[in-house]
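# I need the structure of the sequence given here:
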Amino acid sequence: MTDETDRSNDDTGTDDAEYAKFWVNTEDDYEPVDVTNVKEEWENLTIYLPDGLRNEIELAFREASYECMRTENYDLQKLRDFYPLLIVLGLESLESIEGQDITDILAYSAVEYELE
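Numbering: from 1, shown residues only. Predicted coordinates:
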């Protein structure tokens, strides 16, 4: 995995500055997804999580929601905004890691979030 202190270049040769530019250097303000009722308009996906990980996701949502409201005056919605954000960031992260890193992260996660 890439060292957090030196994020200038990862193993895939992708410049992290370009990655960050993609995410934060937009000229347009975020407009919420035009969905009236997520539960009716989007596909359902059921996942099963151990309590420790589920609790961390809930805490992360509350922190992100607070930050969005404090800095952007935006009411972050769990189903419409946060869960897709969590998945997108996870998918983006998976693109830059390989098998050994994945198993290392799984081992770390098992201990950190008491998945065992």
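# closest to the centroid, which residue in this protein?
In the chain, the residue lying closest to the centroid (C-alpha atoms, centre = their mean) is Leu86, at 3.0 Å.
# pull the number of nearby residues for the nearest residue to that residue once chain neighbours are set aside.
Distances taken as C-beta to C-beta, 6 or more residues apart in numbering place Ile57 nearest to Leu86, at 7.1 Å, with adjacent residues excluded. The way it works is simple: take the backbone N, C-alpha and C, and place the C-beta from them, glycine included. Ile57 has 16 neighbours, counted by other C-beta atoms under 10 Å.
# one more: Ile105?
15.
# so where does it fall, helix or strand?
Assigned by DSSP states H and E, Ile105 belongs to helix 99-112.
# give me the mean pLDDT for that helix.
Mean pLDDT, helix 99-112: 90.
# list the buried ones in that helix?
For helix 99-112, burial by neighbour count (16 or more other C-beta atoms under 10 Å) applies to no residue.
# do stretch 77-96 as well
By neighbour count on 16+ other C-beta under 10 Å, the buried set for stretch 77-96 is Gln77, Arg80, Asp81, Phe82, Tyr83, Ser96.
# so which of these are in strands?
The strands, defined by DSSP state E, take in nothing from these.
# now these in CSV, with pLDDT and distance to Asp34?
Output for these, formatted as CSV (pLDDT from 0 to 100; distance: C-beta to C-beta, whole Å):
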residue, pLDDT, distance to Asp34
Gln77, 94, 13
Arg80, 92, 10
Asp81, 94, 13
Phe82, 96, 17
Tyr83, 95, 17
Ser96, 88, 31
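# so what does the strand or helix carrying Leu91 touch, helix or strand wise?
In the assignment (DSSP H and E), Leu91 maps to helix 83-95. Packing contacts for helix 83-95, counted by 3 or more C-beta pairs under 8 Å, 6 or more residues apart in numbering; DSSP states H and E, involve helix 51-72.
# quick one, the helix it packs on and helix 99-112 angle?
Per axes from the mean of the first three to the mean of the last three C-alpha atoms, to 10 degrees, the angle that helix 51-72 makes with helix 99-112 is 100 degrees.
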